[in-house]
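*Asks:* Just the structure for this:
(2 chains)
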Amino acid sequence: MTANTTSGETPATASKPPPISNRIYLICAMMIVIGVSAIAYFIYNVWHDDLIRVALEWTPTPERPERPSVVLAFLEQFGMIVPGLFFYLGGFFIVIGFQLRDANIRTAHWAKVALLWLTIGLGILILLTVYNAIHTANLRGESVVVGNLLQQIIPYFAGLLIAGGVWYWMHVNVEREFRGEDLLIARETRLAWNLLIPTLVIFVLVAARPLEQTFIRSLTDKRFAGEAIPQFVGLENYSKLLSIRFDRVPCRIDEETDGCSIRPNGTVRWESIDRDLLTDGYRTVWNIPLPLSDNRSLAVSSRDRDFLRSINTTLIFTVVSVSLELLIGLGMALVVNSHFRGRGMMRAVMLIPWAIPTVVSARLWELMLKDTSAGIVNKVLMDLQLIAAPRAWLSEPSLQLPTAIIVDVWKTAPFMALLLLAGLQTIPKDLHEAASVDGAGPVRRFFSITLPLLRPAIVIALVFRTLDALRVFDLFNVLFGRQQLTMATYNFETLVSRQLDGYASAISVIIFILISIFAFMYVRMLSVEDEQR
Amino acid sequence: MTRKQILQTIQKILLYGLVLLVAVYALFPFYWAFMTSFKTERELFQSARYLPQQPTLQNYEYVFRDDTFLIGLRNSAVVSSATSLLALVVGAFAAYALGRLRFKGRMFLLYVVLSMTMFPAISILSGLYTIVRELGFFGTPLALIATYPVFTLPFTVWVLTSFFRGLPAEIEQAAIVDGATPFQTFRLILLPLTAPALVTTGLLAFVISWNEYLFALNFTATKPTAQTVPVIIAQFSGQFSEQEPIAEIMAAAMVVTIPLVVLVLLFQNRIVAGLTAGAVKG
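*Replies:* The predicted structure follows:
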């Protein structure tokens, strides 16, 4: 639709500028009214919100002795993003309305963008209202009351007709009624925003808004499925999660030898950290021996050591499994990209591990990894004379992480392989032929043609696999339950088993911040930006 | 045989060896699931054998004992097709803007899109639950179609952006000289050229939504008619004992994996057929 309007074949306003028609002033006024009424509508809603009213009109009663927080009520009901959008977009309409008085063609095009999406938005709103009316009527076994439905829809419909009508008028008359020259770069910018708005709407709806609510809950002591009204606790959840100490502690002295006391399994016994710290809730997670001073170690302690441990587990898991997946995925992609009979079949076969739902494949591996000879893995390894007796792959602590890595690599290497395979298709065949004619062997061709040209695909596969691995959940949840926690399963445990919604939300937020820092550095490091034109 | 022929034969043997390796690696667990699906419950606890002793179809009978599973398959098909179509359309739009058009804040917006993959799904579950209820989508496939973009959209946008960037700039310049608008260039020229990437991302999005469990469980909790296959499988209760009905689960897994394999077989030629070096010479 937008395509036709921007065709710059007719030179816009070549000779004398025509007078600004009154209709444009009408449009100015309409844009301003839309902007003002959006903001007014929002303020009206806030003012009449139930929770906010309760907080404002509070009087102490035996049931509710404490004053509910107005700010918390506002944040719970509206958050920050929705108010921000109302004010920003309302302001956008008002500003455009004022600027349109000059009848500048570029402003007019921006007004068209705004009106187009207002029209589409109202259309979606109407569809949703109708859908909801039919849906609820069906649920109750009643028929839809058409009168009520019409009453609800008519204001939206009127708005849609007006916004759509004005958009259409501008669409047809933009060259004649407005002045100035439209530039290619301005056209590209507008097209870009038109194309990005669906993605941004989805982003706000399914990611930003829910995440924002998680952030708000993380500032409270809310309990999962509890009746109690959550209280604002500030950063308390965060301070508990992030209180990490590094102390130098000496080793425990063995009375007999006067040296460090050694456990039977060969590890050194270390003194514990200060008694005061212990009463504050600090527990030591790791003792790292200091290289330069013997008999001393660095004690890493935290008030929530499960969280630190889960971060550690997740990092090791991510680094090892993603590296293996890259190597195996690349290998698989190269194999199924070469010519052999049954290649199409192989491509489908290769994807099977990834195509089995995780709910099922985790159970499948559970079955295969049984610690008796009923487990096929033990059986195969015993038949191949690799192990003498069955091993407990899932319950031996030292085997748990390697097992998880193997299962994950098996399952997700195909994902890597498919992305890389698609990348391999973009490498022109004549490059290989030319290099081959020049006498380059297959190894040389791989490193100087395939690998550099595959780089964008590799980068993207790596970024997504890494972020997925950092959030690994299903696999650990099914295989290990609470025995080996990753960041995501710890988050889940805190929410579901310990019912600490506020605390779990704080964990989510910290995970988000950790991963986003990581992702930013990672993308920088792999320099995705290099490919910008 | 000349030396060259011998070399070629060795190469061929090596290649087929590798193909076999990939096949075994990918297929062995699948083979085991297949075998398990024909086993009686008693055999599951005996020492493992490569083939079932008394093959039985009772696990499959359990899967199809009523139409729950078929309804699940239908729901999964509807949800996954709609989700991947949505991801492709919306994602291709965004990717064209991010990969091909000049405007401020491209890198920032790429990060915004990527940020959808930076938190565990559990952390947005309750927030999404509220939104799904408010929209009136709870307990319908629409709840899943509306929320799955959080999994499918980020990589669709990133993969397609990278593909758009990889296309030579001459294509567009030629189109602009011919008088095409940027949107026409996108629709008529660039989009067909990215066919392999579209098929790949479409497939990946389809599989992701086909296998998703957490949202499907929570957003269709009280509505069995809207549940997708993973939820239905997880609710299997077995036919005889209190034990986890593992053989029945494997039988169901066989049934759900087949449509995906067929889908890949249908589309895999497309992955190859895409960019041949004929688009722009020089």
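*Asks:* Next, the contact list for residue 51, please.
*Replies:* Answering for chain A, as no chain was given. Counting by Cβ atoms under 8 Å, 6 or more residues apart in numbering or on different chains, residue A:51 touches A:68, A:73, A:76-77. Where C-beta positions appear, they are placed from N, C-alpha and C, glycine not excepted.
*Asks:* um, chain B though
*Replies:* Listed by Cβ under 8 Å, 6+ apart, the contact set of residue B:51 reads residue B:35.
*Asks:* Among the contacts of residue A:51, name the ones in helices.
*Replies:* A:73, A:76-77 (DSSP state H).
*Asks:* Of these, which ones also sit close to chain B?
*Replies:* Among the ones in helices among the contacts of residue A:51, no residue sits close to chain B (Cβ under 8 Å from any Cβ of the partner chain).
*Asks:* where does chain B dip in pLDDT?
*Replies:* Along chain B, the model assigns pLDDT under 70 to residues B:1, B:238-243, B:270-282.
*Asks:* Give me the most central residue, the chain.
*Replies:* Went with chain A since none was named. In chain A, the C-alpha nearest the mean C-alpha coordinate belongs to residue A:207, at 6.6 Å (Cα atoms, centre = their mean).
*Asks:* I was after chain B.
*Replies:* Centroid-nearest residue in chain B: residue B:207, 1.9 Å away (criterion: Cα atoms, centre = their mean).
*Asks:* Just confirm that one is within a helix.
*Replies:* Yes: checked against DSSP: H, G, I helix; E, B strand; the rest coil, residue B:207 lies within a helix.
*Asks:* Any idea how many residues pack against the residue nearest to it when sequence neighbours are not counted?
*Replies:* The spatial neighbour of residue B:207 that comes closest, neighbours along the chain excluded (Cβ to Cβ, 6 or more residues apart in numbering or on different chains), is residue A:355 at 5.6 Å. If you count neighbours by other Cβ atoms under 10 Å in any protein chain shown, residue A:355 ends up with 26.
*Asks:* Check what pLDDT residue A:355 gets.
*Replies:* pLDDT for residue A:355: 83.
*Asks:* ok so, going back, my guess is the residue nearest to the centre of chain B meets residue A:357, correct?
*Replies:* No: with contact defined as Cβ atoms under 8 Å, residue B:207 does not count as touching residue A:357 (9.3 Å).
*Asks:* Tell me the residue of chain A that sits nearest chain B?
*Replies:* residue A:210 (2.7 Å; Cβ to the nearest Cβ).
*Asks:* so that residue is in which element?
*Replies:* Residue A:210 belongs to helix A:209-217 when elements are defined using DSSP states H and E.
*Asks:* Mind listing residues that contact the helix or strand just after that helix?
*Replies:* The helix or strand immediately downstream of helix A:209-217 is helix A:236-242, counting by DSSP H and E. Helix A:236-242 is contacted by residues A:218-219, A:221, A:281, A:303-304, A:307, A:502-503, A:505-507, A:509-510 when judged by Cβ under 8 Å, 6+ apart.
*Asks:* got the buried residues for helix A:236-242?
*Replies:* A:236-238, A:241 (16 or more other Cβ atoms under 10 Å in any protein chain shown).
*Asks:* Could you do stretch A:107-127 as well?
*Replies:* A:107-122, A:125-126.
*Asks:* is it true that the residue nearest to residue B:207 touches residue B:259?
*Replies:* No: using Cβ under 8 Å, residue A:355 is not in contact with residue B:259; the gap is 9.2 Å.
*Asks:* Nearest to chain A within chain B, name that residue for me.
*Replies:* Counting by Cβ to the nearest Cβ, chain B gets nearest to chain A through residue B:127 (2.7 Å).
*Asks:* Could you check how far the residue nearest to the residue nearest to the centre of chain A when sequence neighbours are not counted is from residue A:59?
*Replies:* Distances taken as Cβ to Cβ, 6+ apart place residue B:116 nearest to residue A:207, at 4.5 Å, with adjacent residues excluded. Residue B:116 sits at a distance of 44 Å from residue A:59 (criterion: Cβ to Cβ, to the nearest Å).
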